[in-house]
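> I would like to see how this sequence folds:
(chains A and B)
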Amino acid sequence: MRILLVEDEPTLTTQLAESLRTAGYALDTADNGLDAHFLGDSEDYDAVILDLGLPQMDGITVLQKWRAGGRAMPVLILTARGGWHEKVAGIDAGADDYLAKPFHMEELLARLRALIRRAGGHASAELRCGPLALDTRHSRASVAGLNLTLTSHEYRVLAYLMHHPDEVVSRGTLTEHIYAQDFERDSNTVEVFIARLRKKLPPGIIETVRGLGYRITCPN
Amino acid sequence: MSELKATPQTSLRLRLLVGTLFWIVASIVAAGWGLSSLFRQHVMVQFHSELRTHLDQLTAHLALDAAGHPVLSQALSDPRLKRPYSGLYWQIDRIASDAAPANAAVLRSRSLWDQTLRIPRDALADGTLHQHRVAGPERATLGMQERSVQLDGVSLRLAVAADEKLMIEPIERFNTALWLAFGILGLGLALAALVQVFVGLAPLRKLQAALSLVRDGEALRLEGGFPKEIMPLVEDFNRVLAQNAEVVARARTQAGNLAHALKTPLSVLANAAAGKDDPLARQVLQQVDNARKQVDYHLARAQAAATARLPGARTPVTPIIDGLVRTMQHIHAARGLELRVQPVPSDLSFRGEAQDLQEMLGNLLDNACKWAAHRVEIEARMEQDRLVIQIDDDGVGISAEQRQAVLQRGVRADQQAPGNGLGLAIVADLATLYDSPMTLAASPLGGLRVSLSLPAASRTTR
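Now for the predicted structure:
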């Protein structure tokens, strides 16, 4: 899962980035409205955490431009402006959730998970596919109740596929969603992660669709 | 602003009317009295000069016959002197002397018929004129002129008298006509004064109407043209209104900026302390939480206190509720609640700032959504000129004692009874600023029912 964090306060950005990376997200950051708009417009994010008081272009405008341009990724507004008129304005500008500062990191993470889950049409924090379960709260996966030991990249690949069950996901899309923007990307590494995951998972859960990509098919 | 209300002075209209009427009556009475006495004087002079003419004629025609009796050489010309009791008379008395004894009425006009005049016996120098008022025939009062004449050793007293009615009747007729005319004039002037006061004070009534529009929140400033005597007042008032709005906006922005400037550092502090299990970290977290509550509480208060008494605000209720419900559906999406809004009459308006209504309802709805099991219901209606908004949830509710604690003013945010959060305290406080009682009760849905009775803006649409 790849996240865009837009926040202009450097200390808070560092803290958030640390918590988000620990939670298993690939993270890009922007500290002004123009960069934020450009990144959100050109990259494919699973969720955006957006501050409103930004230099160069304020957060509401950035959000409105994304929505006007057809960008539909879930956006969580994280701002010091906690008045209800501001919340209503934020939601009406196209935000999916609104969290006022100061906030508890757990709550932010919970809301982010719920947001990504809802965007994929999932109701529960735990995604299931046959014997395979993905616990988004703790960034863990288990098969028939036994925890799997996964690296963070392996987890991201599995999580993305689990959030999009029965869909063919290309290697390019997977690369987009598991790496931060400034990371040295190599789509061949996706094949390596898939191969490692297959060894840890029951056989046949991850299917290769020749020439297109990968698919998780859940029984029933 | 009841504390500024002064006992009203006498109405301006009444003062103007009473003043004008007083002067109208006073000048009419003075003019009438003056004219009337002038005329009376004129008539009196006329009356006596006529008597004198007759007396002169009488004197001229007087002669003595051979026996020494006075006779008239020629009859006097006025026909009234021949008609009995016509009101015009003459009479000649002989004054006692060496030659003859006194004899009243030796000669008199035919108009006296069988009567004689009683001429006061006073000694007169020859040729001087005397005026008297004497009783005449038919109980009339007569005005009289007399003189004494020596004719061949005979002293005679000549008198001409006329009924004063001849003088009083024209005066009375004149006075009647005069007071009638002055009465009509006074009435006309009074009407003119009334119209003038009415027309002259019309701009004040217009000003009052414009002000009540501002008070009811239907206008933000005094609209319309006014006479140039009032225009400066109107412009000043509009300036005060604009300045007021600006001060409020600035107070709001500054309170907001301060609060928001504090919140990011608070976030940093909280995050730095989070996840560490030492006493310092726990204390930091606790104090950050306290600070956040205090900032929210006082920010809401500062913003509402600045506006609750600001005239000219009017907020339609429906868009506010709709916006908040949309927001709740996103913020509490994970809870899968059913938010039901009872149909709101479209002309329902709150007399106050949109932000304050949003703050109150937002906190109430947020609270209801936090505690509801499945359902939250919102209803807004008019009840005896008040805008009543009622929010129900089907959660566990709060006990009667805790309800009491929430509504007590001055309960500090961190001493709130558990289970109602900060929201209700903020709302209770905002509601107090709007003189709007907030009541907590058990909801028919099973949880808490919160009702706000807010000032409604008048229903008239502009």
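> give me phi/psi at residue A:151?
Here is the backbone geometry of residue A:151 (degrees, to the nearest 10): phi -80, psi 170.
> residues near it, how many?
Neighbour count of residue A:151, defined by other CB atoms under 10 Å in any protein chain shown: 11. Quick note: C-beta positions are derived from backbone N, CA and C, even for glycine.
> gap between it and residue A:141?
Distance of residue A:151 to residue A:141, given as CB to CB, to the nearest Å: 12 Å.
> shared neighbours of the two, anything?
Counting by CB atoms under 8 Å, 6 or more residues apart in numbering or on different chains, residue A:151 and residue A:141 have no shared contacts at all.
> that's a helix at residue A:81, yeah?
No: in this structure, residue A:81 is coil, not part of a helix, as judged by DSSP: H, G, I helix; E, B strand; the rest coil.
> residues in contact with it?
A:52, A:53, A:100, B:256, B:260.
> which residue is the nearest non-sequential neighbour of the third one?
If you skip the residues right next to it in sequence, residue A:100 has residue A:82 as its closest partner in space, 3.2 Å away by CB to CB, 6 or more residues apart in numbering or on different chains.
> the last one too?
With sequence-adjacent residues excluded and distances taken as CB to CB, 6+ apart, residue B:260 is closest to residue A:80, at 3.7 Å.
> what number of residues lie near the residue in chain A positioned nearest to chain B?
Ranked by CB to the nearest CB, the top residue of chain A for proximity to chain B is residue A:84, at 2.8 Å. Around residue A:84 there are 25 other residues, counting by other CB under 10 Å.
> hang on, it packs against residue B:363?
Yes: counting by CB atoms under 8 Å, residue A:84 does reach residue B:363; the two are 7.1 Å apart.
> tell me what the strand or helix carrying residue B:389 is packed against?
Following DSSP states H and E, one finds residue B:389 within strand B:386-393. The helices and strands touching strand B:386-393, judged by 3 or more CB pairs under 8 Å, 6 or more residues apart in numbering or on different chains; DSSP states H and E, are helix B:354-371, strand B:375-383, strand B:448-455.
> now render those as TSV, adding distance to chain A and mean neighbour count.
Below are the helices and strands packed on strand B:386-393 laid out as TSV (distance: least, CB to the nearest CB, whole Å; neighbours: other CB atoms under 10 Å in any protein chain shown):
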stretch	distance to chain A	mean neighbour count
helix B:354-371	3	24
strand B:375-383	14	19
strand B:448-455	14	22
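> switch those over to CSV; also include mean pLDDT and distance to residue B:401.
Below are the helices and strands packed on strand B:386-393 laid out as CSV (pLDDT from 0 to 100; distance: least, CB to CB, whole Å):
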stretch, mean pLDDT, distance to residue B:401
helix B:354-371, 88, 17
strand B:375-383, 92, 24
strand B:448-455, 90, 14
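> backbone dihedrals for residue B:285, please?
phi -60, psi -40.
> now it, nearest residue through space, not along the chain?
residue B:273 (5.0 Å).
> how close does that neighbour get to residue A:51?
From residue B:273 to residue A:51 the distance is 21 Å (CB to CB).
> neighbour count for those two, which is higher?
residue A:51 (26 against 18).
> list the contacts of the more buried one.
By CB under 8 Å, 6+ apart, the neighbours of residue A:51 are A:6, A:7, A:8, A:9, A:59, A:77, A:78, A:79.
> again, only this time at 10 Å
With contacts defined as CB atoms under 10 Å, 6 or more residues apart in numbering or on different chains, the neighbours of residue A:51 are A:5-9, A:12-13, A:30-31, A:33, A:36, A:58-59, A:62, A:77-81, A:101, B:264.
> the residue nearest to residue A:100: neighbouring residues, count only.
The burial count for residue A:82: 22, using other CB under 10 Å.
> need the phi and psi values for it.
Per degrees, to the nearest 10, the backbone of residue A:82 is at phi -110, psi 10.
> now residue A:9
Here the main-chain torsion angles of residue A:9 (degrees, to the nearest 10) amount to phi -90, psi 110.
> I'd guessed it sits against residue B:267; true?
Yes: with contact defined as CB atoms under 10 Å, residue A:9 counts as touching residue B:267 (8.1 Å).
> mind checking which helix or strand of chain A has the lowest mean pLDDT?
Lowest by mean pLDDT, DSSP states H and E among the helices and strands of chain A is strand A:126-129, with a mean of 81.
> C-alpha coordinates for the next helix or strand after that strand, PDB please?
Downstream of strand A:126-129, the first helix or strand assigned by DSSP H and E is strand A:132-135. Output of strand A:132-135 as PDB, limited to C-alpha atoms (Å, rounded to 0.1, in the frame of the first residue of the first chain):
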ATOM      1  CA  LEU A 132      -5.300 -17.000   4.100                       C
ATOM      2  CA  ALA A 133      -6.000 -14.100   6.500                       C
ATOM      3  CA  LEU A 134      -4.600 -10.600   6.300                       C
ATOM      4  CA  ASP A 135      -4.700  -8.600   9.500                       C
END
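> contacts for strand A:132-135 next, please.
So strand A:132-135 is contacted by A:122, A:125-128, A:140-145, A:147-148, A:155, A:158-159, A:161-163, A:201-202, A:205-206, A:216, A:218 (CB under 10 Å, 6+ apart).
> show the pLDDT at the residue of the stretch 51-200 of chain B found nearest chain A.
Relative to chain A, the nearest point of the stretch 51-200 of chain B is residue B:200 (46.8 Å; CB to the nearest CB). Note on residue B:200: pLDDT of 86.
> just the one 3 residues further on next, same as before
Per-residue confidence (pLDDT) for residue B:203: 87.
> that one sits in which helix or strand?
helix B:202-215.
> so how far is that helix from its chain's centroid?
14 Å (CA atoms, centre = their mean, to the nearest Å).
> can you tell me which helices and strands that helix packs against?
Here helix B:202-215 touches helix B:12-61, helix B:231-273, going by 3 or more CB pairs under 10 Å, 6 or more residues apart in numbering or on different chains; DSSP states H and E.
> beta partners for the closest residue to residue A:97 other than its chain neighbours?
Closest residue in space to residue A:97, ignoring its immediate chain neighbours: residue A:76 at 4.5 Å, by CB to CB, 6+ apart. Beta bridges link residue A:76 to residue A:49, residue A:97 when assigned by DSSP bridges.
> quick one: residue A:76 and residue B:325, what's the gap?
Taking CB to CB, one finds residue A:76 at 20 Å from residue B:325.
> mind checking how far the longest helix seen in chain A is from the chain centre?
For chain A, the helix that runs over the most residues, judged by DSSP state H, is helix A:105-119. Computed by CA atoms, centre = their mean, the chain-centroid distance of helix A:105-119 equals 9 Å.
> what segments of chain A are helices?
A:10-22, A:33-42, A:59-68, A:84-92, A:105-119, A:152-163, A:171-178, A:188-200.
> count the neighbours of residue 106 for me.
Since no chain was named, I'll use chain A. Residue A:106 has 12 nearby residues by other CB under 10 Å.
> wrong one, chain B
17.
> and for the host helix or strand of it, what are the contacting residues?
Taking DSSP H and E as the criterion, residue B:106 maps to strand B:103-108. The set of residues external to strand B:103-108 that reach it, using CB under 10 Å, 6+ apart, is B:58, B:62, B:69-72, B:81, B:89-96, B:100, B:112, B:115-119, B:121, B:154, B:156-159.
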